[in-house]
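model the structure of this input:
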Amino acid sequence: MERYQATAEKILDSAERLFATRGFSATTIKMIAAESQQNSALIYYYYDSKATLYRHVLERVVGRISAEASSRIQKDSAPEAVVSAVVESQVAVLTANPHLPVLLARELIDWKAAHAEPAIRSLSAGLFERLRSAIEAGQREGIFSHSINPRFAAISVVAQVGYLVLASPVAGILLGRGPDGPTKEDVIAFGRHAAAFSLAALRDHQTAGNHSTSTSLEKAIP
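Below you'll find the predicted structure:
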């Protein structure tokens, strides 16, 4: 079983790199076989088609973000900590896998997320709903403003880091880095900014004096 899993992961790693650099249409099973040092028949044994393999690649990407967030969020985590943890999770996964932004951008541009829809629905049912619930909890506790739509707010929280990495050349130019995009340090720094920015926007400013955004962030983001 361990050998089976190791081979599957090796195939997924190779496919992920090729789909990111070449795109879905231009990548062939033969290329993935050569990259992963496996034969094509074995890849078809694991995944019955290129489309199935591609969906598994996308599901693994989303799974990494969900798993990273789950490791940072406890059942009793405060609403502010949940917001920060979601942003941290995005940053951790995307900085550890620098080719992922290209993979996701290709999927959105070329296929309008058609292949990624099941993975996105899974993310919505899990991490996104956890974030939305945390925002609603913050509203009930008087920490976050009641004038904010929790679902819109949750989208805003995840969209900040998502935009930075998906529009990497644009962000790189705006940051003075050039079209190669932001550095890893830029993304990490932006993650801290995005968490602070989100909490500042969510906060009920009438009661803000009773809560310390900076203290919460210092605990949540190293």
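
I'd say Leu110 and Ala26 touch.
For residue 110 the amino acid is Asp, not Leu. No. With contact defined as C-beta atoms under 8 Å, Asp110 does not count as touching Ala26 (10.3 Å). All C-beta spots, glycine's among them, are computed from the backbone N, C-alpha and C.

residue closest to the middle of the protein?
Computing the C-alpha centroid of the chain and ranking residues by C-alpha atoms, centre = their mean puts Gln90 first, at 4.2 Å.

so the spatially closest residue to that residue that is not a sequence neighbour, which of the three states?
Distances taken as C-beta to C-beta, 6 or more residues apart in numbering put Val161 closest to Gln90, at 4.3 Å, once the chain neighbours are dropped. State at Val161, reduced to three classes by DSSP: H, G, I helix; E, B strand; the rest coil: helix.

what about Val161, neighbour count?
24 (other C-beta atoms under 10 Å).

which residues are in contact with Ser70?
By C-beta atoms under 8 Å, 6 or more residues apart in numbering, the contact set of Ser70 is Leu127.

where's it, which helix or strand?
Using DSSP states H and E, Ser70 sits within helix 50-72.

buried set for that helix?
Going by neighbour count (16 or more other C-beta atoms under 10 Å), the buried part of helix 50-72 is 50, 53-66, 68-69, 72.

would you put the C-alpha positions of that helix in PDB?
The C-alpha trace of helix 50-72 is given here as PDB (Å, rounded to 0.1, in the frame of the first residue of the first chain):
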ATOM      1  CA  LYS A  50      -5.800  12.300 -18.600                       C
ATOM      2  CA  ALA A  51      -8.800  14.300 -17.400                       C
ATOM      3  CA  THR A  52      -9.100  12.100 -14.400                       C
ATOM      4  CA  LEU A  53      -5.500  12.600 -13.500                       C
ATOM      5  CA  TYR A  54      -5.900  16.300 -14.000                       C
ATOM      6  CA  ARG A  55      -8.800  16.400 -11.600                       C
ATOM      7  CA  HIS A  56      -6.800  14.500  -9.000                       C
ATOM      8  CA  VAL A  57      -4.000  17.100  -9.400                       C
ATOM      9  CA  LEU A  58      -6.500  19.900  -8.800                       C
ATOM     10  CA  GLU A  59      -8.200  18.100  -5.900                       C
ATOM     11  CA  ARG A  60      -4.800  17.600  -4.200                       C
ATOM     12  CA  VAL A  61      -4.000  21.300  -4.500                       C
ATOM     13  CA  VAL A  62      -7.200  22.200  -2.800                       C
ATOM     14  CA  GLY A  63      -6.700  19.400  -0.200                       C
ATOM     15  CA  ARG A  64      -3.300  20.900   0.700                       C
ATOM     16  CA  ILE A  65      -4.900  24.200   1.600                       C
ATOM     17  CA  SER A  66      -7.700  22.600   3.600                       C
ATOM     18  CA  ALA A  67      -5.300  20.300   5.400                       C
ATOM     19  CA  GLU A  68      -3.000  23.200   6.200                       C
ATOM     20  CA  ALA A  69      -5.900  25.300   7.600                       C
ATOM     21  CA  SER A  70      -7.200  22.300   9.600                       C
ATOM     22  CA  SER A  71      -3.800  22.000  11.300                       C
ATOM     23  CA  ARG A  72      -4.000  25.700  12.400                       C
END
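
next SSE after that helix?
helix 79-96.

tell me what angle that following helix forms with helix 50-72.
Interaxial angle, helix 79-96 versus helix 50-72 (axes from the mean of the first three to the mean of the last three C-alpha atoms, to 10 degrees): 130 degrees.
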